[in-house]
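In: sequence first, predicted coordinates after that:
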Amino acid sequence: MSDAASIDTTVPPSGSGCVECTAAGGWWFHLRRCAQCGHVGCCDSSPSQHASRHAVSSDHPLVRSFEPGEDWFWDYTTNEYYDGPALAAPLHHPVDQPVPGPSGRVPSDWERHLH
Ligand SMILES: [Zn+2]
Ligand SMILES: [Zn+2]
């Protein structure tokens with residue numbers, strides 16, 4: 001079960017895209033933000049599922065959606081939504097950033113690559 005130690009409301013997100021996909025030249029569908037360290041990773045529908053991998057490898061169980069208009073948290077230890085507090089801005093990736101993203105790296109048959 002996650003608790004307040006899994007959240008740091010003072011840490012800003014790591015950037016506007018998935019950390020690992022950006023480093024590797026990959027692409028993502030939706031983005032999730034670690035509520036503890038700010039790591040931005042790709043969702044479980046994305047090819048590489050970096051957000052949940054980060055949760056396991058770093059033992060940071062809570063993420064918040066990093067999509068515009070979404071404010072829910074997810075707890076990977078219970079696989080349930082979580083009622084979290086306000087985090088440091090920005091709360092989502094830039095609204096002009098495409099979904100899937102990033103621009104120029106998404107294959108034309110991207111839907112076939114989703115989980
Ligand atoms: Zn990723
Ligand atoms: Zn983290």
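Out: All right, it came through fine. Ligands and ions are numbered 1, 2, ... in the order given.
In: what does the chain put close to ligand 1?
Out: Residues of the chain lying near ligand 1 by CB under 5 Å from the ion: C18, E20, C21, C42, S48, H50. (Glycine included, C-beta is placed from N, CA and C.)
In: any idea which of these is closest to ligand 2?
Out: Nearest to ligand 2 among the residues of the chain next to ligand 1, counting by CB to the ion, is H50 at 11.1 Å.
In: burial measure for the closest one, as a count.
Out: Neighbour count of H50, defined by other CB atoms under 10 Å: 26.
In: ok, now D44?
Out: Neighbours of D44 (other CB under 10 Å): 17.
In: if I look at it, how far off is D59?
Out: Look at D44 and D59: by CB to CB, to the nearest Å, they are 18 Å apart.
In: with E111 instead?
Out: For E111 relative to D59 (CB to CB), the value is 33 Å.
In: the residues of the chain next to ligand 1 in helices, which ones?
Out: Judged by DSSP state H, the subset of these located in helices is E20, C21, H50.
In: tell me the contacts of the residue lying closest to the second one once chain neighbours are set aside?
Out: When you say that, I think you mean C21. Among residues not flanking C21 along the chain, W28 sits closest, at 5.3 Å (CB to CB, 6 or more residues apart in numbering). Counting by CB atoms under 8 Å, 6 or more residues apart in numbering, W28 touches G17, C18, C21, C42, C43, S46, P47, S48, H50, P100, G101, P102.
In: 10 Å instead?
Out: If a contact means CB atoms under 10 Å, 6 or more residues apart in numbering, then W28 has 17-18, 20-22, 40-43, 45-51, 93, 99-102, 105-106, 110 as its contacts.
In: give the contact list for A35.
Out: Contacts of A35 by CB under 10 Å, 6+ apart are 2, 6-9, 11, 55, 60-64, 73-75, 82, 84-85, 87.
In: which ones among those residues map onto helices?
Out: Reading helices off the contacts of A35 with DSSP H, I get A55.
In: and the contacts of A35 near ligand 2, which?
Out: Among the contacts of A35, ligand 2 is touched by H60 when using CB under 5 Å from the ion.
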